[in-house]
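Visitor: next one to model:
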Amino acid sequence: MKRLLYVLLVAVFMASAGWAQAEPVSESKNYRVFLSELPPLNKAYRHYPPTALKRNVSGMGEIECRWTIDGRLTECRVLREAPEGYRFGEATAEIFEKYARVDVHATQNQPVVPETTKLRFNWILE
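Guide: So this is what the prediction gives:
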């Protein structure tokens, strides 16, 4: 059986102070949302897009999420996925909303507290 070799997370590559902005506002570029828990690989595998799994396709999902005061990621939306059409973006949103947690203390202990975070998750089969 194919196994998920590694699901690489570039945890947070940008945090945005505005939900609809494509680029973060200039004063918040160096501030980010810190994650205390990442999706466990064995649980992420259960969300691997079925068509991609059948066709032995690896991919990537990039999402943007809001976070709550109790550390949950919510309202995740897909920014892009590759290759398109396999649901890697949707699967990425599902696993982060279900399993990831924000380190609220570290995130709030910054001069500018970002309201959203952008995440990239690489799905790789071996």
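Visitor: so Pro99 makes contact with Leu41?
Guide: Careful, residue 99 is Tyr and not Pro. No - under the criterion of Cβ atoms under 8 Å, Tyr99 lies out of contact with Leu41, with a separation of 10.3 Å. From N, CA and C alone the C-beta is placed, and that goes for glycine too.
Visitor: OK, contacts around Arg80?
Guide: Gly61, Glu62, Gly89 (Cβ atoms under 8 Å, 6 or more residues apart in numbering).
Visitor: which neighbouring elements make contact with the longest helix anywhere in the chain?
Guide: Assignment by DSSP state H gives helix 88-99 as the longest helix of the chain. Other helices and strands packing on helix 88-99, by 3 or more Cβ pairs under 8 Å, 6 or more residues apart in numbering; DSSP states H and E, are helix 41-45, strand 59-67, strand 73-82, strand 116-125.
Visitor: could you export those as CSV, including mean pLDDT and distance to Ala52?
Guide: Below are the helices and strands packed on helix 88-99 laid out as CSV (pLDDT from 0 to 100; distance: least, Cβ to Cβ, whole Å):
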stretch, mean pLDDT, distance to Ala52
helix 41-45, 90, 12
strand 59-67, 96, 6
strand 73-82, 97, 10
strand 116-125, 94, 7
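Visitor: so which of the ones you listed comes closest to Asn109?
Guide: Nearest to Asn109, of all the helices and strands packed on helix 88-99, is strand 59-67, at 14.5 Å by Cβ to Cβ.
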